[in-house]
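Asker: One predicted model, sequence on top.
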Amino acid sequence: MSLSIDTLRPPLNAQEPRHDWTRAEVRALFDLPFAALMFRAQSVHRENFASGEVQISTLLSIKTGGCPEDCAYCPQSARYDTGVRAEKLMALDAVLNEARAAKAGGARRFCMGAAWREPKDRDLDAVCAMVEGVKALGLETCATLGMLTPEQAQRLKGAGLDFYNHNLDSAPEFYDRIITTRTYQERLDTLGHVRDAGIHVCCGGIVGMGESREDRIGMIATLAALRPHPESVPINMLVRVKGTPLAEEPPLEPLEFVRTIAAARITMPRSMVRLSAGREDMSEETQALCFLAGANSIFYGPKLLTTPNPGRDHDREMMERLGLSPLER
Ligand code: SF4
């Protein structure tokens, strides 16, 4: 079925996000002429956000490498020879020093990532102390620690955790080509526990893993069906790391990445759409198109867990050139 641009006009109650996007509707967004898609995404963006404001987050790997999971894109999986060494959980002081530096560099949210399938309870004690410490510095807190039980989610909430990141990664039908050690449903279950604990959800995916456009459509439609929508939606471009099974994957065409960002913006109008991994290999022009398509969040800092990211000075200059300013609220 093909839909016309008219059928894609926002409903009269454009303020209320929809959770019933069909794949046909999301496909019709992807199929729009590029300028029409950009116009639609930018219109939705301006209805919901101040134009030109970008939320800045910093991501720190608090426990690197040695992960038992087999995510085909990930250099931290113990199954792939990528040169990433398994390290212990960082000490509290060291994490707080990094958080202070991130704050001084303009970050508003501090995300802590650990390469675990799921945290053990004694690990959670240490992470809760980190969350309390980072929060006391006046930063928003985010963690990504793998799967959580309802009790663990409650404990993190009690420590003051604002956001939990757990990505769906791709469409349900493509997912098992990328990960076999945990199911899509297990991911949805963790997201449910996080929601039930009253923690904001950060949930997105990765493109450029060899999936089809139809898979990208399926991923966006699945994210947009979450009720409520994730407050943050990171859209990552695959970083092809030597030693991982996806190292030789052909790069995704940049405009297709921009289309994915635009579809996320239109279908999840009030979410912060984060232009996440892959910026290091992206031209400034492509990033500018992503902001035009409605991306309004980036990670600041030279590293994203274990992969490179543009340096803070580089990003500051880019934001100045594009007339973007850090979100202060
Ligand atoms: S993405 Fe996370 S769960 Fe998967 S291998 Fe990497 S660290 Fe482990």
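Answerer: Noted; the coordinates are in hand.
Asker: Only C-alpha atoms from now on, for both contacts and neighbour counts.
Answerer: OK.
Asker: Tell me which residues touch Tyr18, please.
Answerer: Just so we're on the same page, residue 18 is Arg rather than Tyr. 224, 267-268 (C-alpha atoms under 8 Å, 6 or more residues apart in numbering).
Asker: Try it again at 10 Å.
Answerer: 11, 224-229, 266-269 (C-alpha atoms under 10 Å, 6 or more residues apart in numbering).
Asker: how near is Ala72 to the ligand?
Answerer: 7 Å (C-alpha to the nearest ligand atom, to the nearest Å).
Asker: Enumerate every residue touching that residue.
Answerer: Under the contact definition (C-alpha under 10 Å, 6+ apart), the residues listed for Ala72 are 79-80, 177-180, 209, 241, 243-247.
Asker: Among the contacts of Arg18, which one has the most neighbours?
Answerer: Among those, the one with the most neighbours (other C-alpha atoms under 10 Å) is Met268, at 29 neighbours.
Asker: on that earlier part again, among the contacts of Arg18, which are located in helices?
Answerer: 224-225, 266-267 (DSSP state H).
Asker: Between which two of these is the distance greatest?
Answerer: Greatest spatial distance among the ones in helices among the contacts of Arg18 (C-alpha to C-alpha): Ala225 and Ile266, at 13.0 Å.
Asker: any weak-confidence spans in this protein?
Answerer: 1-15, 301-312, 328-329 (pLDDT under 70).
Asker: and if we set it to 80?
Answerer: In the predicted model of the chain, residues 1-15, 106, 277, 299-313, 327-329 satisfy pLDDT under 80.
Asker: Nearest residue to the middle of it?
Answerer: Pro234 (2.1 Å; C-alpha atoms, centre = their mean).
Asker: How many residues are close by the closest residue to the ligand within the stretch 151-300 of the chain?
Answerer: As assessed by C-alpha to the nearest ligand atom, the ligand sits closest to Ile179 within the stretch 151-300 of the chain, at 7.8 Å. Using other C-alpha under 10 Å, Ile179 has 16 neighbouring residues.
Asker: if you skip the residues just before and after it, what's nearest to it?
Answerer: In this structure, Ile179 finds its nearest non-sequential neighbour in Cys71, 4.7 Å apart by C-alpha to C-alpha, 6 or more residues apart in numbering.
Asker: For Pro17, see how far away that neighbour is.
Answerer: 31 Å (C-alpha to C-alpha, to the nearest Å).
Asker: With Ile217 instead?
Answerer: Applying C-alpha to C-alpha to Ile217 and Pro17 gives a distance of 18 Å.
Asker: Walk me through which strands the lengthiest strand in the chain pairs with, and which way each runs.
Answerer: Ranked by residue count and defined by DSSP state E, the top strand of the chain is strand 53-63. Strand 53-63 pairs in its sheet with strand 109-114 (parallel), strand 297-299 (parallel), strand 325-326 (parallel), by DSSP bridges.
Asker: can you redo the ones you listed as JSON lines with mean neighbour count?
Answerer: Shown next, in JSON lines, are those (neighbours: other C-alpha atoms under 10 Å):
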{"stretch": "strand 109-114", "mean neighbour count": "24"}
{"stretch": "strand 297-299", "mean neighbour count": "24"}
{"stretch": "strand 325-326", "mean neighbour count": "16"}
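Asker: now whichever strand or helix holds the residue nearest to the centre of the chain, how far from the chain's geometric center?
Answerer: Per DSSP states H and E, Pro234 falls inside strand 232-237. Chain-centre distance of strand 232-237: 3 Å, with C-alpha atoms, centre = their mean, to the nearest Å.
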